[in-house]
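J.: Next come a sequence and a model predicted from it.
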Amino acid sequence: MKFTTTTAAVAAMAGIVAAKDSRTFAVLRFTNKGLVTTRADPIVNPGVPSGHVHNVLGGSNFGFSSTGADLVKSNCSTALVKGDYSNYWYPTLYFHDPKTGDFEYVDVYYTNVYYFFEATNDEIKAFPTGLQMLAGDSMSRTVPAAGGGDQLDPSKGPVNNVQFTCPRSSYNPPSYPVGSDGSKAGMVDPNNQGAGVGFPDVTCDGLYSPLRMDLHFPSCYNPAAGLTNYKNNMQFPTDAGNGKQDCPPGWIHTPHIFFEVYFDTQPYKGRWTENQGTQPFVLSNGDVTGYGAHADFMAGWDEDLLQHIIDTCDAGDSGMDQCPGLFYGLNSGDCTIAPLVNEQVTGTLTKLPGNNPLSGFSYGAAPAMPAGGSAPASSSKAAAPASSSKAAAASSKPASSPSSKPASSPSSKPASSPSGKPASSPSKPAATSNVVNAGQPAKTIESAPPASSLPAAGGAGNDAQCSAANVHTVTETITVTAGTPAATSVPSKGNSAAATVGGYTYAGCYQDNIGRVLTGDILPNLGPMTNDKCVANCVSKGFSIAATEYGGQCYCGNDLVGSAKLAEDQCTIACEGNSKEVCGGSWAISVYSKTGAVSMKAAKRAEHVHRHRSLRH
């Protein structure tokens with residue numbers, strides 16, 4: 001008996017170690033409204049209004065001088081996972097009307113924050129309460145030293161952790177000016193035509209996927225620098241070999257968080273001339289280049305809960321809300337606070353809030369920042385509106401409701417007291433209001449993608465710590481013969497998966513992932529997608545497997561690497577070129593092969609060090 005117990009304990013420990021090597025990521029989603037849109041930044045400009053406006057998500061105790069100790073006492077949070085009272089914020093975006101010169105607030109379509117748990121020799125630890133960190137540089141107006149691609153390993157050269165992704169129905173003409181060196185216009189990622197640095201000069205017209213701002217945060221914390229020394233307390237890990245990323249000795253390896261922010265830029269199509277090397281969007285700091293994109297994070301997690309998620313969860317794109325054993329359940333309802341500065345920041349404005357001048361390219365460098373701040377100098381009188389309204393009602397359309405909201409199962413534990421972990425299955429509490437200021441008409445900020453969301457051709461961000469050629473280490477091959485299923489009925493569209501297409505047989509619905517399970521030919525430009533087009537393309541290039549995804553994407557290869565068979569109801573998105581057919585789903589691919597059988601290869605490590613570009617969405 002003693003031997004059996006010991007053996008079981010050792011086996012359990014071995015399972016934990018294996019899990020640390022294999023786990024990848026979990027996406028933190030938010031409830032439907034942002035916390036507040038206001039001119040505040042307690043990290044860079046503590047105690048006073050910041051130089052420019054931010055969209056803020058997270059805990060309700062956000063303020064000019066908030067600290068981690070304040071955040072954990074929040075009454076509510078926009079984070080779907082109850083127990084996360086951190087704040088996440090980034091600059092707002094405006095459309096600078098070429099005809100009138102006015103500035104129109106651009107709605108946020110939705111925001112996700114990815115929590116990546118990197119393969120490492122270190123122990124990944126929860127963020128310490130109050131940790132402050134930044135991604136990007138608000139003052140930057142020149143192309144990054146790393147060029148258009150992303151690069152996250154400081155041992156391999158200058159880091160570039162900020163990009164824009166431009167999902168499009170076609171990449172002809174290209175998203176960025178051909179041959180641009182970044183000095184007069186944005187610059188394409190040499191490895192991904194759908195992404196680059198700076199703003200693209202076309203409309204990002206992907207299905208449910210407008211312009212996206214991508215920001216990676218470093219994941220190595222130096223406790224000697226301290227929680228609030230945001231300029232020196234963090235750095236990215238470096239390549240330790242064998243696909244692992246390690247922090248310097250004595251540093252703490254935290255989760256690697258990544259913001260993907262979709263701005264609803266599609267309604268402005270037709271109001272500006274595209275493909276001319278210029279574009280009309282400007283960040284709230286006055287930046288017309290996009291090089292000054294940035295984001296801030298202040299940790300307010302229940303540390304035990306976050307550590308539990310780190311140690312046990314690999315929910316991936318299903319969402320952190322699907323992690324097992326969440327101590328307090330989920331949040332539901334809205335959580336908003338009143339703006340901290342009494343001024344108009346949405347709708348149509350004659351000037352940017354904070355009186356920020358335009359800067360970058362032909363406008364010149366960013367104005368000097370005040371001591372200790374990263375924002376252009378501006379009035380700090382909170383009560384004085386800095387911008388005048390031309391028509392508040394002219395605000396661009398609010399984000400519609402295609403977002404996919406996970407069913408919430410909040411615990412009986414109130415949000416304000418995240419201690420005392422319930423041992424039993426939680427029950428839903430009595431309804432309570434999460435609106436801190438019911439009179440505040442908070443701007444809608446969608447925070448979960450539509451059920452049929454089309455991720456960008458290129459991706460949500462890129463861990464350049466792994467080379468594209470070494471995304472997976474293959475250890476075993478399993479051949480699965482899939483019988484041809486009957487056509488799958490999709491209630492919402494009445495579409496179905498064809499049994500045979502172009503001589504290829506339907507093999508089923510399979511899971512895709514950030515590393516991409518098929519990498520032979522990725523996202524070919526075939527126009528409005530059909531399964532026939534994708535199969536024909538893959539056949540012409542000698543591949544035995546063809547797959548469609550998100551209604552408009554095509555992938556080819558000979559093996560499915562790191563995939564798994566899914567229920568047919570996971571592939572439900574109608575093909576762009578034939579609404580009667582199914583072309584995959586959200587992180588789900590409709591697979592066709594020569595025989596109906598597919599070769600599946602399991603990755604030794606599902607490389608969460610995804611290529612958030614051409615090998616990603």
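T.: Received it, and whenever you're ready, just let me know what you need. Numbers count the residues shown, from 1 in each chain.

J.: Which pLDDT value belongs to the closest residue to W301 other than its chain neighbours?
T.: Using Cβ to Cβ, 6 or more residues apart in numbering and skipping residues adjacent in sequence, the residue nearest W301 is D84, 5.3 Å away. Using the backbone N, CA and C atoms, a C-beta is placed for each residue, glycine as well. D84 is assigned 99 on the pLDDT scale.

J.: Could you do D107 as well?
T.: On the pLDDT scale, D107 is placed at 96.

J.: mind listing what D532 touches?
T.: Shown in contact with D532 (Cβ atoms under 8 Å, 6 or more residues apart in numbering): 501-502.

J.: check which helix or strand covers it.
T.: Using DSSP states H and E, the secondary-structure element containing D532 is helix 531-540.

J.: Could the C-alpha coordinates of that helix be exported in PDB?
T.: Output of helix 531-540 as PDB, limited to C-alpha atoms (Å, rounded to 0.1, in the frame of the first residue of the first chain):
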ATOM      1  CA  ASN A 531     -13.700  24.400 -50.200                       C
ATOM      2  CA  ASP A 532     -13.200  23.700 -53.900                       C
ATOM      3  CA  LYS A 533     -10.800  26.600 -54.200                       C
ATOM      4  CA  CYS A 534      -8.800  25.500 -51.200                       C
ATOM      5  CA  VAL A 535      -8.600  21.900 -52.300                       C
ATOM      6  CA  ALA A 536      -7.600  22.800 -55.900                       C
ATOM      7  CA  ASN A 537      -4.900  25.000 -54.500                       C
ATOM      8  CA  CYS A 538      -3.500  22.300 -52.200                       C
ATOM      9  CA  VAL A 539      -3.700  19.700 -54.900                       C
ATOM     10  CA  SER A 540      -1.800  22.000 -57.300                       C
END
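
J.: coming back round to it: number of residues surrounding the residue nearest to W301?
T.: 32 (other Cβ atoms under 10 Å).

J.: residue contacts, it?
T.: By Cβ under 8 Å, 6+ apart, D84 lies in contact with 28, 58-59, 77, 300-302, 305-306.

J.: ditto for G157
T.: 145-146, 151.

J.: now, which of these lie within strands?
T.: Among these, no residue falls in strands (DSSP state E).

J.: just those now: which is nearest Y328?
T.: Distance to Y328 across the contacts of G157 (Cβ to Cβ) is lowest for Q151, with 38.0 Å.

J.: Residues in a beta bridge with that closest one, which ones?
T.: N160 (DSSP bridges).

J.: Find the helix or strand that the residue nearest the centre of the chain is a member of.
T.: Nearest to the geometric centre of the chain sits E260, at 2.7 Å (Cα atoms, centre = their mean). E260 is part of strand 256-263 when elements are defined by DSSP H and E.

J.: hmm, who's touching the next helix or strand after that strand?
T.: Reading on from strand 256-263 to the C-terminus, the next helix or strand found by DSSP H and E is strand 281-283. Strand 281-283 is contacted by residues 52, 91-96, 103, 106, 199, 211, 263, 265, 288, 290, 292-293, 352, 358 when judged by Cβ under 8 Å, 6+ apart.

J.: could you redo the last one with a cut-off of 7 Å?
T.: Contact partners of strand 281-283, identified using Cβ atoms under 7 Å, 6 or more residues apart in numbering, comprise 91, 93-96, 106, 199, 265, 288, 292-293, 358.

J.: C-alpha coordinates for the next helix or strand after that strand, CSV please?
T.: Next along the chain after strand 281-283, taking DSSP H and E as the criterion, comes strand 294-298. Output of strand 294-298 as CSV, limited to C-alpha atoms (Å, rounded to 0.1, in the frame of the first residue of the first chain):
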residue,chain,number,x,y,z
HIS,A,294,1.4,51.3,-26.2
ALA,A,295,-0.4,49.7,-23.3
ASP,A,296,-0.2,49.6,-19.5
PHE,A,297,-0.9,46.9,-17.0
MET,A,298,-1.2,47.0,-13.2
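
J.: list the helices and strands strand 294-298 packs on?
T.: When contacts are defined as 3 or more Cβ pairs under 7 Å, 6 or more residues apart in numbering; DSSP states H and E, strand 294-298 packs onto strand 87-91, strand 132-136.

J.: mind redoing it with 8 Å?
T.: When contacts are defined as 3 or more Cβ pairs under 8 Å, 6 or more residues apart in numbering; DSSP states H and E, strand 294-298 sits against strand 87-91, strand 132-136, strand 256-263.

J.: Report the mean confidence score over the helix or strand just after the second one.
T.: Translated: strand 132-136. Next helix or strand after strand 132-136 toward the C-terminus (DSSP H and E): strand 162-165. Mean per-residue pLDDT for strand 162-165: 98.

J.: Ok, stretch 241-258 next?
T.: Per-residue pLDDT over stretch 241-258 has a mean of 94.

J.: How about stretch 284-297?
T.: In this model, stretch 284-297 has an average pLDDT of 98.

J.: For it, what is the distance to the chain centroid?
T.: 17 Å (Cα atoms, centre = their mean, to the nearest Å).

J.: do the same with stretch 188-196
T.: Worked out by Cα atoms, centre = their mean, stretch 188-196 lies 17 Å from the chain centre.

J.: which of the residues in that stretch are buried?
T.: By neighbour count on 16 or more other Cβ atoms under 10 Å, the buried set for stretch 188-196 is 188-189, 191-196.

J.: Let me have the residues you listed in TSV, adding pLDDT, distance to S593 and secondary structure as columns.
T.: Supplementary listing: the buried residues of stretch 188-196 in TSV, determined by pLDDT from 0 to 100; distance: Cβ to Cβ, whole Å; DSSP: H, G, I helix; E, B strand; the rest coil:
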residue	pLDDT	distance to S593	secondary structure
V188	96	33	strand
D189	95	31	strand
N191	91	28	coil
N192	92	27	strand
Q193	92	28	strand
G194	92	27	strand
A195	96	30	strand
G196	97	34	strand
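
J.: Which residue ranges of the stretch 101-250 of the chain form strands?
T.: Using DSSP state E, counting those that start in this stretch, the strands of the stretch 101-250 of the chain run over 103-105, 108-116, 132-136, 162-165, 187-189, 192-197, 212-216, 220-221, 234-235, 238-241, 244-246.

J.: The helix or strand just after the helix holding D532: partners in the sheet, and parallel or antiparallel?
T.: The helix or strand immediately downstream of helix 531-540 is strand 545-549, counting by DSSP H and E. Using DSSP bridges, the strands paired with strand 545-549 in its sheet are strand 553-557 (antiparallel), strand 588-593 (antiparallel).
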